[in-house]
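Visitor: Return atomic coordinates for the entry below.
(one chain, ligands or ions: 1)
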Amino acid sequence: MKDREQYEQWLQEQSPDAVVIAGENMTTIVPRDREARPICDFCGTVPGSYVFPAHDTTIASVSVLGDNVSVGGWGACDMCKKYIELNDVKALEARAVNLFAQRRGIEPDELLSRSVRTSHRAFFKARIT
Ligand SMILES: [Zn+2]
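Guide: Down below sits the predicted model:
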């Protein structure tokens with residue numbers, strides 16, 4: 001564990017423009033200027049038009065790919081921004097699931113829904129209001 005802490009400290013020193021985040025299973029480096037080029041973090045539509053301020057957070061994985069780390073604010077497109085302001089999590093989720101499925105050329109399924117829901121829940125917890 002000590003080695004890992006030293007490694008993370010070393011990483012941060014090498015990457016002053018990035019945030020080094022120690023997840024449970026992995027260490028992630030995320031550029032700090034992410035908010036300068038927001039895309040919609042909710043439905044994946046590009047570009048996002050708005051950034052909701054949020055704390056850094058870990059999004060638990062629903063697959064074998066490992067946890068994701070979200071740094072800073074979340075970009076949102078006009079439609080997702082509207083749903084978030086209305087606190088309509090069901091509409092937000094439905095939109096994201098449908099758009100993700102469409103882009104991947106797959107039918108929406110439970111795994112995709114769960115993945116989107118987990119991500120959106122992490123946002124509502126980390127959101128700074
Ligand atoms: Zn969106």
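
Visitor: how about the residue most central in space within the chain, what does it touch?
Guide: Central residue of the chain (C-alpha atoms, centre = their mean): S70, 4.6 Å from the mean position. Going by C-beta atoms under 8 Å, 6 or more residues apart in numbering, S70 touches 41, 54, 56-59, 122-123, 126. Backbone N, C-alpha and C define where each C-beta goes, glycine included.

Visitor: what's the answer for E93, then?
Guide: So E93 contacts 113, 116-117, 120 (C-beta under 8 Å, 6+ apart).

Visitor: Need the max-distance pair from those residues.
Guide: Farthest apart among the contacts of E93 by C-beta to C-beta are S113 and H120. That separation is 10.5 Å.

Visitor: Compare neighbour counts for those two and give me the winner.
Guide: Looking at S113 and H120 with other C-beta atoms under 10 Å, you find the greater number of neighbours at H120, namely 21 against 17.

Visitor: average model confidence for the helix or strand where that one lies?
Guide: Assigned by DSSP states H and E, H120 belongs to helix 110-126. The pLDDT scores in helix 110-126 average 92.

Visitor: For it, output the C-alpha coordinates as CSV.
Guide: Provided in CSV are the C-alpha atoms of helix 110-126 (Å, rounded to 0.1, in the frame of the first residue of the first chain):
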residue,chain,number,x,y,z
GLU,A,110,-30.9,-4.1,-18.4
LEU,A,111,-27.1,-3.8,-18.2
LEU,A,112,-27.1,-0.6,-20.2
SER,A,113,-29.9,0.8,-18.0
ARG,A,114,-28.1,-0.2,-14.9
SER,A,115,-24.9,1.4,-16.1
VAL,A,116,-26.6,4.7,-17.0
ARG,A,117,-28.5,4.7,-13.7
THR,A,118,-25.3,4.1,-11.7
SER,A,119,-23.6,7.0,-13.4
HIS,A,120,-26.5,9.4,-13.0
ARG,A,121,-26.9,8.5,-9.3
ALA,A,122,-23.3,9.2,-8.8
PHE,A,123,-23.8,12.6,-10.3
PHE,A,124,-26.8,13.5,-8.1
LYS,A,125,-24.7,12.5,-5.1
ALA,A,126,-21.7,14.5,-6.2
